[in-house]
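**Student:** Quick one, what's the 3D model for this:
(one chain, ligands or ions: 2)
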Amino acid sequence: MTTSSASSTSSFLITALRAISASIVVMMFFSTNTNYLRAEAARAFFVFGDSLVDSGNNNYLATTARADSPPYGIDYPTHRPTGRFSNGLNLPDIISEEIGSESTLPYLNPELTGEKLLVGANFASAGIGVLNDTGVQFVSIIRIYQQFQYFQQYQLRLSALIGEKEAQRRVNGALVLMTLGGNDFVNNYFIPLSPRRRQFSISAFSELVITEYRKILLQLYDLGARRVLVTGTGPLGCVPSELASSGSRNGECAPEPQQAAAIFNPMLVQMLKGLNQELGSDVFVIANAFQMNMDFLKNPQQFGFITSKVACCGQGAYNGMGVCNVLSNLCPDRNVYAFWDPFHPTERATRLIVKQIMSGSTDYMSPMNLSTIMALDSRV
Ligand SMILES: *[C@@H]1O[C@H](CO)[C@@H](O)[C@H](O)[C@H]1NC(C)=O
Ligand SMILES: *[C@@H]1O[C@H](CO)[C@@H](O)[C@H](O)[C@H]1NC(C)=O
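**Tutor:** Ligands and ions are numbered 1, 2, ... in the order given. As a prediction, the model looks like this:
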């Protein structure tokens, strides 16, 4: 009796201990998990570059490069234009979603004050390029060095809110997105009567752009950026605008802009590799936007698109001429188009791109993808 009571007591104890240790494991799991989420949610996100990532800064400027009238934003949660060059969300929005943050506000948006500053900021401006003379036709846009001046101003405002030391910690710990370079070709080198084209061959021009881009990225590092996603150019010759202007007959991509992308992107990869070596750290991570786009541009049906040639919103051949506005042709279902307007992807295509940014192999993300970055950085 005593023996049996003792053994039942001890088996009770063991069961209890098991239950306690299991709940400790569960608690540890949940607490590390929420710490991880909190750390990630608290991580700031900064965005620099052109229309692929502008979330509305140009709404506040006297420029023709704008997306603040219908049907832009038709599939945005509010169904209203916001300045994003998309039918719905754009690249930074979807990255914010993935890292568990709210979208960063455009730097010029007056709502970007107080606690909102902690989320980060979007400094991008449609029309700009690496070179200062890219986008002159759009009049008043925020060129990259001006974006950096705003970033410095932002850091002063953040310091006033949380103190200088904490502000610097947040900037160093932030995720940064830089999307630049496409306009140096499509809105500079390849425009009719371009002076740059008379001056340079495609490869000499690419070298010039890379030399200037390197200075830009070093300045970004000097301003405190320590984890920067740099997107290479997409297939420049395959956008509906280039199909239309090159007189593509059967949807074949314009050869010269394609050649430019094929020359520029590998130079960019090498330049970033060199910078990381020099800095002794994987600060710059290249996203192979060319390949990410080519996958669904080559096999649209496989990805649920009915076309990867014709823009949803536009006019003329491939809906690739002029701008997208209320008078344009508009497709009824944006989910089956790869291109929203003559230059920019639909939200659905952008989601495919972000999928590769998150978990793509080294062919897409080098030296690592964003899931790996998040796992690494959550440990520091
Ligand atoms: C572009 O403009 C910035 C700021 O005005 C200047 O510092 C930079 O040297 C210029 N770049 C070139 C290549 O002229
Ligand atoms: C990218 O992310 C996934 C996780 O989503 C991982 O399994 C994969 O190994 C990563 N690839 C590289 C090259 O880091």
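**Student:** Do you know the pLDDT at the closest residue to residue 61 other than its chain neighbours?
**Tutor:** Leaving aside its sequence neighbours, residue 61 sits nearest to residue 140 (C-beta to C-beta, 6 or more residues apart in numbering; 4.9 Å). Quick note: C-beta positions are derived from backbone N, CA and C, even for glycine. Note on residue 140: pLDDT of 93.
**Student:** Could you number the chain from 125 rather than 1 from now on?
**Tutor:** All right, first residue 125 from here; so that's residue 264.
**Student:** residues in contact with residue 264?
**Tutor:** When contacts are counted by C-beta atoms under 8 Å, 6 or more residues apart in numbering, residue 264 touches 185-187.
**Student:** Next, count neighbours for residue 338.
**Tutor:** 16 (other C-beta atoms under 10 Å).
**Student:** Counting neighbours, show which residues of stretch 328-346 come out buried.
**Tutor:** Within stretch 328-346, the residues that qualify as buried are 329-330, 332-334, 336-338, 340-341, 344-345, counting by 16 or more other C-beta atoms under 10 Å.
**Student:** Rounded mean pLDDT for it, please.
**Tutor:** Across stretch 328-346, the average pLDDT comes to 98.
**Student:** who's in contact with the residue in the stretch 325-474 of the chain positioned nearest to ligand 2?
**Tutor:** At 10.5 Å from ligand 2, residue 409 is the closest residue in the stretch 325-474 of the chain, using C-beta to the nearest ligand atom. Contact analysis of residue 409 by C-beta under 8 Å, 6+ apart lists 351-354, 396, 489-492, 494, 497.
**Student:** hang on, it in a strand?
**Tutor:** Yes. Under DSSP: H, G, I helix; E, B strand; the rest coil, residue 409 sits within a strand.
**Student:** pLDDT value on it, please?
**Tutor:** Residue 409 is given a pLDDT of 98.
**Student:** Which pLDDT value goes with residue 246?
**Tutor:** Reading off the model, residue 246 has pLDDT 98.
**Student:** what number of residues lie near it?
**Tutor:** Neighbour tally, residue 246, other C-beta under 10 Å: 30.
**Student:** follow-up on the earlier one: what distance do you get for the residue of the stretch 325-474 of the chain closest to ligand 2 to residue 395?
**Tutor:** In this view, residue 409 and residue 395 are 13 Å apart by C-beta to C-beta, to the nearest Å.
**Student:** do the same with residue 289
**Tutor:** 32 Å.
**Student:** Could you do residue 487 as well?
**Tutor:** Residue 487 is 19 Å from residue 395, by C-beta to C-beta.
**Student:** neighbour count winner among these two?
**Tutor:** residue 395 (18 against 10).
**Student:** same for the one helix or strand the more buried one maps to, what does it pack against?
**Tutor:** According to DSSP states H and E, residue 395 maps onto helix 379-403. Using 3 or more C-beta pairs under 8 Å, 6 or more residues apart in numbering; DSSP states H and E, the elements in contact with helix 379-403 are helix 326-346, strand 408-411, helix 413-422.
**Student:** Would you mind giving both backbone torsions of the residue nearest to residue 185?
**Tutor:** For residue 264, the backbone dihedrals are phi -100, psi 100 (criterion: degrees, to the nearest 10).
**Student:** who's in contact with residue 200?
**Tutor:** For residue 200, the contacting residues are 206, 208, 210-213, by C-beta under 8 Å, 6+ apart.
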